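Trainee: take a look and give me a structure for this.
(chains A, B, C and D)
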Protein chains: 2
Amino acid sequence: MNACVHVVDDDASFRTAVERLLSRAGYDVATYASAMHFLTDLPNESRPSCILLDVRIPGLDGPALQKRLVELGSTLPIVFLSGYLNVPVTVGAIKAGATDFLTKPVSSADLLRAIEAAIAHHETARTLSSKLDMVRAHVAALTPRERQVFDLVVCGKPNKLVARALGCTERTIKAHRHRVMEKMQAKSLPELVSLAERIGVVSANRQNI
Amino acid sequence: MNACVHVVDDDASFRTAVERLLSRAGYDVATYASAMHFLTDLPNESRPSCILLDVRIPGLDGPALQKRLVELGSTLPIVFLSGYLNVPVTVGAIKAGATDFLTKPVSSADLLRAIEAAIAHHETARTLSSKLDMVRAHVAALTPRERQVFDLVVCGKPNKLVARALGCTERTIKAHRHRVMEKMQAKSLPELVSLAERIGVVSANRQNI
DNA sequence: CTTTCTATTGTCTGAAGGGACAATAGATAA
DNA sequence: TTATCTATTGTCCCTTCAGACAATAGAAAG
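Mentor: The predicted structure is shown next:
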């Protein structure tokens, strides 16, 4: 799947120039004249991509669009472009998660370097989050009771204690536990704990450590 | 323990002014006229602290000092101060781990806000890293053989397989395993896995997941 | 009303883990 | 050379866990 760069800038001639540059570098390019154009035509994240975003554009400006995207749960890396020097805005943008911040005029080399890094970043983030999503989906498939058992088991409680905590027989816990292992697709207890750690379960329950 | 701010700036009158402001806000303040003064008198990180660092100082400049500190393993949060607008330097500094980047002239409110955030950041980072250091120390106390057993056990291998992998008896593995649990101060297998995850062991070995 | 899901429990067998008590042997440090 | 560390293995016994086979019962959905 070819990587795609979304260019949001109100300057038509700049869009054309960048589009030509990035196309020649092997990227698919989509251009938008404003933040609204981008938001209404919001791309999915099914392939590695990033946004090249001008800070000062009519309507919603760069940082405002960035804020909207974060609210929408987007993880598209953003490379900002700014034609004037403004340190506070730069700091704010990077703190808010921008991948890079370039100043116009920008050299082709700098631009391509930044885009390449952003694409690479998105690619690794995508594969990581897709794995996490799968784990989260498995956890979501647990019944409430199974989830309780899950929490206690990954804390290291033996079945007997889990049974006492949940007010039922040890045999019942074994049944739930079996389904938990099945649904989470864990072949061993350490594997189950590993999955739990990755999605940030555990901590709250365990009194030791 | 009182929080401490290390002010590195070549402007004596600025140092005095900032010292007065921060002292009144309840911080201990140490001032340095140059990066070298700071490096030769390098403070330990035994208490929450941060650095307020001017970008443009004679000798080693701000970013260079930042680089040195990273190389030295320091985790002191750095709040940069810059008297002139330079976006690339700002971006570089923040990418290199700076906590904040302020521009002169800076309001007392902005400065205090940034310092407070940096101190808080350092405080949480310190407690986290001290816990990790303890775990790492425990791992370091394992003998080579115990470490091998540790790695395989947290991957979910049963003793029998570990024994086969290391070419010894299952009984031997049980002995090592016992010592591993003891040295790592883990009361259960899940706890051991949890510790392993935190210091980034595991991953490499496990073929599943 | 029937099917499906969820929670519950039982027995039995075999595998795996944990602790106690004990011992051998090579390497290293004092 | 003696003491300590490390690696090794044994037996015995009890606990815990896993899987197979099987069954009951309430709730929700269709």
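
Trainee: give me the most central residue, chain A.
Mentor: Nearest to the geometric centre of chain A sits A:Thr75, at 4.3 Å (CA atoms, centre = their mean).

Trainee: look at it and give its secondary structure.
Mentor: Classification of A:Thr75 using DSSP: H, G, I helix; E, B strand; the rest coil returns coil.

Trainee: same question, the one 10 residues further on
Mentor: Under three-state DSSP, A:Leu85 falls in the coil class.

Trainee: got the contact list for the spatially closest residue to A:Asp10 that is not a sequence neighbour?
Mentor: Excluding its sequence neighbours, the residue lying closest to A:Asp10 (CB to CB, 6 or more residues apart in numbering or on different chains) is A:Ile57, at 4.7 Å. (Glycine included, C-beta is placed from N, CA and C.) Contacts here follow CB atoms under 8 Å, 6 or more residues apart in numbering or on different chains; on that basis A:Ile57 touches A:Val8, A:Asp9, A:Asp10, A:Ser34, A:Ala35.

Trainee: just A:Val193 next, same as before
Mentor: Contact partners of A:Val193, counting by CB under 8 Å, 6+ apart, are A:Val154, A:Val202, B:Leu189, B:Pro190, B:Val193, B:Ser194, B:Glu197.

Trainee: so which elements touch the helix or strand containing A:Val135?
Mentor: Applying DSSP states H and E as the criterion places A:Val135 in helix A:108-140. Here helix A:108-140 touches helix A:12-24, strand A:49-54, strand A:78-82, strand A:100-103, helix A:189-198, going by 3 or more CB pairs under 8 Å, 6 or more residues apart in numbering or on different chains; DSSP states H and E.

Trainee: deepest-packed of the ones you listed, please.
Mentor: strand A:49-54 (a mean of 26; mean count of other CB atoms under 10 Å in any protein chain shown).

Trainee: ok, that one: who's next to it in the sheet?
Mentor: strand A:4-8 (parallel), strand A:78-82 (parallel) (DSSP bridges).

Trainee: can you give the contact residues for the helix or strand following it?
Mentor: Sequence order places helix A:62-71 as the next helix or strand after strand A:49-54, per DSSP H and E. For helix A:62-71, contacts defined as CB under 8 Å, 6+ apart pick out A:8, A:35, A:38-39, A:51, A:53-56, A:60, A:76, A:78, A:80, A:82, A:89, A:92-93, A:96-98.

Trainee: name the residues that touch stretch A:1-10?
Mentor: With CB under 8 Å, 6+ apart as the criterion, stretch A:1-10 contacts A:15, A:18-19, A:22, A:26-35, A:37-38, A:43, A:46-54, A:57-58, A:62, A:65, A:76, A:81, A:115, A:119, A:123.

Trainee: equivalent analysis for stretch A:125-145, please.
Mentor: A:45, A:48, A:75, A:77, A:147, A:150, A:166, A:176, A:179-180, A:183-185, A:195, A:198-199, A:201.

Trainee: which among the residues you listed end up buried?
Mentor: For the contacts of stretch A:125-145, a burial check counting by 16 or more other CB atoms under 10 Å in any protein chain shown picks out A:Glu45, A:Pro48, A:Pro77, A:Arg147, A:Phe150, A:His176, A:Arg179, A:Val180, A:Lys183, A:Met184, A:Leu195, A:Val201.

Trainee: which one of those is nearest to DNA strand C?
Mentor: Distance to DNA strand C across the buried ones among the contacts of stretch A:125-145 (CB to the nearest atom of the strand) is lowest for A:His176, with 6.2 Å.

Trainee: what sits against the residue of chain A positioned farthest from its centre?
Mentor: Largest separation from the mean C-alpha position in chain A: A:Thr169, at 41.4 Å (CA atoms, centre = their mean). When contacts are counted by CB under 8 Å, 6+ apart, A:Thr169 touches A:Ala163.

Trainee: give me that answer again for 10 Å
Mentor: Taking CB atoms under 10 Å, 6 or more residues apart in numbering or on different chains as the contact definition, A:Thr169 lies against A:Asn159, A:Lys160, A:Ala163, A:Ala175.

Trainee: and the third one, how many residues sit next to it?
Mentor: Residue crowding around A:Ala163 was assessed by other CB atoms under 10 Å in any protein chain shown; the count is 20.

Trainee: what separation do you get for the residue farthest from the centre of chain A and DNA strand C?
Mentor: As for A:Thr169, its distance to DNA strand C is 4 Å (criterion: CB to the nearest atom of the strand, to the nearest Å).

Trainee: try A:Ala141
Mentor: For A:Ala141, the distance to DNA strand C - CB to the nearest atom of the strand - is 8 Å.

Trainee: show the pLDDT at that residue.
Mentor: Per-residue pLDDT puts A:Ala141 at 93.

Trainee: any residues of chain A in contact with DNA strand C? List them.
Mentor: Taking CB under 7 Å from any atom of the strand as the contact definition, chain A meets DNA strand C at A:143-146, A:166-169, A:171-172, A:174-176.

Trainee: so which of the residues you listed wins on neighbours?
Mentor: Busiest of these [other CB under 10 Å] is A:His176, holding 23 neighbours.

Trainee: let me know the pLDDT of that residue.
Mentor: With respect to pLDDT, A:His176 scores 95.

Trainee: secondary structure element for it?
Mentor: helix A:170-183.

Trainee: that helix near chain B at all?
Mentor: No: contact of helix A:170-183 with chain B (CB under 10 Å from any CB of the partner chain) is absent, the minimum separation being 11.4 Å.

Trainee: that helix vs DNA strand D: in contact?
Mentor: Yes: Helix A:170-183 reaches DNA strand D (CB under 7 Å from any atom of the strand) through A:Lys174, A:Ala175, A:Arg177, A:His178, A:Met181.

Trainee: so which of those residues comes closest to A:Lys104?
Mentor: A:Met181 (56.1 Å; CB to CB).

Trainee: would you confirm that that closest one contacts A:Val153?
Mentor: Yes: if you go by CB atoms under 10 Å, A:Met181 and A:Val153 touch, sitting 9.1 Å apart.
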